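Student: The following block contains a protein sequence and its predicted model.
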Amino acid sequence: MHALVAALAIEALLQVWRARAPDDRLVLRILGLCQPLAMTPALFLLAPQRAGEEFCETGALFASRHWGEIRVAGATLVELGVLLGAAFGLALFLVDVLPLVSGRRRPLPPAAPAPGTLEAALTEVAGEGRRPALHFLDARACTLFCAGVLRPVLVVSRGALDLLDAEELRAALAHELAHLDRRDPALSWLLMGARGILFFNPVAQVVARALARDAEWSADERAGGDRLALASALVKLHRAGQGRRALVRRSLPFAAALAEPLRRVRSHDVEARCRRLLEPAAPPKLAFPFLRVALASASLGLLTFLVT
Amino acid sequence: MSADIETRGAGSRAPPEACSAPVARAGDGVRVAGPGERPVASRGEAARRRAPSAGAIAIAAEGFRALGGLALVMAVVSALLWALDGVPTWIAGEPRGVRRARTVQDAERFLRARLVIPSYFPATFAWPPSRIRFLTGAPAAVALWVDGRQGGPGLFIAETVAPGPIPPRLIPEVQVLGRSPVAVGASPGTLSRVVEEGVVVWEIAWQQGGRSLLLRSRVGADELVRMARSAREAP
């Protein structure tokens, strides 16, 4: 219940504050996901009186035990809600985890010597300092993604290279580098770990998916350069990936979903990303970001306290 | 679609000077100071001088919007939670906050108090109670509905577990026909003749051990007083 309240409040705040910058959305959504995780156990320890009858009847805004008094088919509404929610959460978790598990059985094909154009484009975009390792696949399938927590690697296939023109290739590489700069592969594993712990919590599963989408948008914005070229590359890769079997199954939860064969990305997500990229500039960031996060955190804490 | 992209693309790829400040032309409000004349501020300079205050106002407005938005969201979420909390009692047809218990022992456990029950209990009543409702808070109170055997008159018992009046939410509304004082042990009480759902019944109310108690039934007044005088904490 705490996770649901926090997630709903954060989504409402995103709308009311008109938070369009992906970094703002990421921070607030992470707050909504993590606050109940930390706050709920702390409240059980520090404020045990919340569990008492008196607080439930006089102090609480919402007491789930009231719903426990209504019985349907031999079970209370609370029990039924928990059961259905857990089933939904588990289904969402498995939808994303099962492809990972099966993908682990298919190792990355051996690397081929990278063409000079690709090396040159990567050097131009990344510079020598932040250039990750390049894993070129001599295959017709279109693949372009980054991976690696400790040793970041950029995987590009000949199909992707042939599909994209020079500007699009630079934009796509810049997008992947933006992911690596933010250590999104490591973050994605952390997020998947949190999802594994909260596999029974449907709200956490939905919020985690929204976070992955925000991370994509953030990388789009951080890529800089030619926004139209990135949008064009996105559409081309998505179209090329439709209806074909992936050359390499993604091996990371959302870092791979980023630029990986965009067949894994749903069409409406691609459409939303392209619409944002068609805007002439990145959406403005929120003013007073720290103050907003602090106030939102305090308010969520109060709400959590009043929900038992 | 493609035309739209191209139009936007042309704008985004425009040379940097396209975004630079426009060059002043005649009629733009720019006046060149003559020799020995103090330069006159143009409209642009005046606007720049006003800029700090305008910026402060914009920052204040943004802060106000942020705080207002937060307050709005929290108020709406709180109202939704409060409304959601009242749904179970609404479904059950009870006043808000009235809770139900399955047994007297459950009610005692919730209220953390033993209930005062008449030890004289005519066999015409079918114990245990068919309905048990309680309220926590100040004072916590409980109401018990005991059915009569074979369609006979039932009994309504209400009491608080701490000093204070019985919350009206727990007691079915009645119309009082008449009242008279009555002694319940050492405590003064009130015996009333009331109309409940079109039926005339007897009601006795008194204080005992800091609690307020009430019995209501269609059985005779003597039986009701006798029951009241036998009331004590359940063993």
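Tutor: That came through fine. Just so it is clear, the model here is predicted, and its values are computed rather than measured. Numbering: from 1, shown residues only, chains lettered A, B, ... in the order given.
Student: can you list the residues of chain B near chain A?
Tutor: Near chain A, the residues belonging to chain B are B:4-5, B:8-9, B:11-13, B:59, B:62-63, B:65-67, B:69-70, B:72-74, B:76-78, B:81-82, B:84-85, B:87-89, B:91-92, B:97, B:99-100, B:110-112, B:135-138 when assessed by Cβ under 8 Å from any Cβ of the partner chain. Yep, even glycine has a C-beta here, placed from its N, CA and C like the rest.
Student: so what does the longest helix along chain B touch, helix or strand wise?
Tutor: For chain B, the longest helix by residue count, based on DSSP state H, is helix B:43-91. With contacts taken as 3 or more Cβ pairs under 8 Å, 6 or more residues apart in numbering or on different chains; DSSP states H and E, helix B:43-91 sits against helix A:2-16, helix A:64-67, helix A:289-306.
Student: now the residues of chain B next to chain A: which count as buried?
Tutor: Using 16 or more other Cβ atoms under 10 Å in any protein chain shown as the burial test, the residues of chain B next to chain A include B:9, B:66, B:69-70, B:73-74, B:77-78, B:81, B:84-85, B:88-89, B:97, B:99-100, B:110-111, B:135-136 as buried.
Student: can you tell me how far the spatially most central residue of chain B sits from residue B:150?
Tutor: For chain B, the residue lying nearest the average C-alpha position, counting by Cα atoms, centre = their mean, turns out to be residue B:82 (6.0 Å). Here the criterion is Cβ to Cβ, to the nearest Å. By it, residue B:82 lies 44 Å from residue B:150.
Student: swap in residue A:5?
Tutor: According to Cβ to Cβ, residue A:5 and residue B:150 sit 51 Å apart.
Student: just residue A:283 next, same as before
Tutor: Applying Cβ to Cβ, the value for residue A:283 to residue B:150 is 76 Å.
Student: okay, these two: which has more neighbours?
Tutor: Counted by other Cβ atoms under 10 Å in any protein chain shown, residue A:283 and residue B:150 do not tie: residue A:283 has more neighbours, with 17 against 7.
Student: Contacts only, for that one.
Tutor: The contact partners of residue A:283, taken as Cβ atoms under 8 Å, 6 or more residues apart in numbering or on different chains, are A:20, A:21, A:221, A:276.
Student: For it, give its distance to residue A:218.
Tutor: Computed with Cβ to Cβ, the distance linking residue A:283 and residue A:218 is 11 Å.
Student: cool, and residue A:70?
Tutor: Plainly put, residue A:70 is 43 Å away from residue A:218 if you go by Cβ to Cβ.
Student: that older thread, isn't the residue nearest to the centre of chain B right up against residue A:66?
Tutor: No. No contact is recorded between residue B:82 and residue A:66 when judged using Cβ atoms under 8 Å, the distance being 11.6 Å.
Student: out of residue A:70 and residue A:218, which sits in the more crowded spot?
Tutor: When neighbours are counted by other Cβ under 10 Å, residue A:218 comes out ahead of the other of residue A:70 and residue A:218, with 21 against 16.
Student: Spell out whether the host helix or strand of the more buried one and chain B are in contact.
Tutor: Following DSSP states H and E, the helix or strand that holds residue A:218 is helix A:202-223. No. Using Cβ under 8 Å from any Cβ, helix A:202-223 stays clear of chain B, with a minimum separation of 14.2 Å.
Student: Skipping its backbone neighbours, what lies nearest the residue nearest to the centre of chain B in space?
Tutor: In this structure, residue B:82 finds its nearest non-sequential neighbour in residue A:61, 5.4 Å apart by Cβ to Cβ, 6 or more residues apart in numbering or on different chains.
Student: Likewise for residue A:66?
Tutor: The shortest distance from residue A:66 to any non-neighbouring residue, by Cβ to Cβ, 6+ apart, is to residue B:88 (4.6 Å).
Student: wouldn't that neighbour be in contact with residue A:65 here?
Tutor: No. Applying Cβ under 8 Å, one finds residue B:88 not in contact with residue A:65, separated by 9.4 Å.
Student: Just the pLDDT at residue A:307, thanks.
Tutor: Residue A:307 carries a pLDDT value of 85.
Student: Show me what it bridges to in the sheet.
Tutor: Beta bridges link residue A:307 to residue A:62, judged by DSSP bridges.
Student: Surely it is in contact with residue B:81?
Tutor: Yes. Under the contact definition of Cβ under 8 Å, residue A:307 touches residue B:81, with a separation of 6.4 Å.
Student: And the strands in chain B?
Tutor: Secondary structure of chain B (DSSP state E): strands located at B:99-100, B:116-118, B:125-135, B:141-148, B:155-160, B:175-184, B:187-196, B:199-208, B:211-217, B:231-233.
Student: Residue A:10: which of those is closest?
Tutor: In terms of Cβ to Cβ, the element of the strands of chain B nearest to residue A:10 is strand B:99-100, at 31.9 Å.
Student: Report the distance from the closest one to the chain centre.
Tutor: The gap between the average C-alpha position of strand B:99-100 and the chain average comes to 16 Å, counting by Cα atoms, centre = their mean, to the nearest Å.
Student: For that strand, which helices and strands make contact with it?
Tutor: In this structure, strand B:99-100 makes packing contacts with strand B:125-135, judged by 3+ Cβ pairs under 8 Å, 6+ apart.
Student: joint contacts of residue A:307 and residue B:81?
Tutor: Both residue A:307 and residue B:81 are contacted by A:5, A:61, A:62, under the criterion Cβ under 8 Å, 6+ apart.
Student: which one in these is the model shakiest on?
Tutor: Within the shared contacts of residue A:307 and residue B:81, pLDDT reaches its minimum at residue A:61, with 81.
Student: Over to that residue: give its phi and psi.
Tutor: Dihedral pair for residue A:61: phi -80, psi -40, per degrees, to the nearest 10.
Student: Tell me how far the helix holding residue A:218 lies from the chain's centre.
Tutor: Centroid separation for helix A:202-223 versus its chain: 3 Å, with Cα atoms, centre = their mean.
Student: tell me the mean pLDDT for that helix?
Tutor: 85.
Student: Equivalent analysis for stretch A:86-93, please.
Tutor: 86.
Student: in chain A, which spans are helices?
Tutor: Counting by DSSP H, chain A forms helices over residues A:2-16, A:22-46, A:53-54, A:64-67, A:77-103, A:116-126, A:158-163, A:166-181, A:184-197, A:202-223, A:227-241, A:255-259, A:267-278, A:289-306, given from the N-terminal end onward.
Student: winner for burial among those helices?
Tutor: A comparison of these by mean neighbour count, using mean count of other Cβ atoms under 10 Å in any protein chain shown, puts helix A:255-259 on top with a mean of 26.
Student: sorry, back to before: among the helices of chain A, which one carries the weakest average confidence?
Tutor: The stretch with the lowest average pLDDT out of these is helix A:255-259, scoring a mean of 43.
Student: hang on, the earlier thing: which of the helices of chain A sits closest to residue B:195?
Tutor: Taking Cβ to Cβ as the measure, the helices of chain A were each checked against residue B:195, and helix A:64-67 came out nearest at 32.9 Å.
Student: Residues in contact with the closest one: which ones?
Tutor: Here helix A:64-67 makes contact (Cβ under 8 Å, 6+ apart) with A:1, A:56, A:76-78, A:81, A:307-308, B:85, B:87-89, B:99.
Student: Only the C-alpha atoms, please, for it, written as PDB.
Tutor: Written as PDB, here are the backbone C-alpha positions of helix A:64-67 (Å, rounded to 0.1, in the frame of the first residue of the first chain):
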ATOM      1  CA  SER A  64      -5.900  -1.500   5.500                       C
ATOM      2  CA  ARG A  65      -7.400  -3.500   8.400                       C
ATOM      3  CA  HIS A  66     -10.700  -1.900   7.700                       C
ATOM      4  CA  TRP A  67     -10.700  -3.600   4.300                       C
END
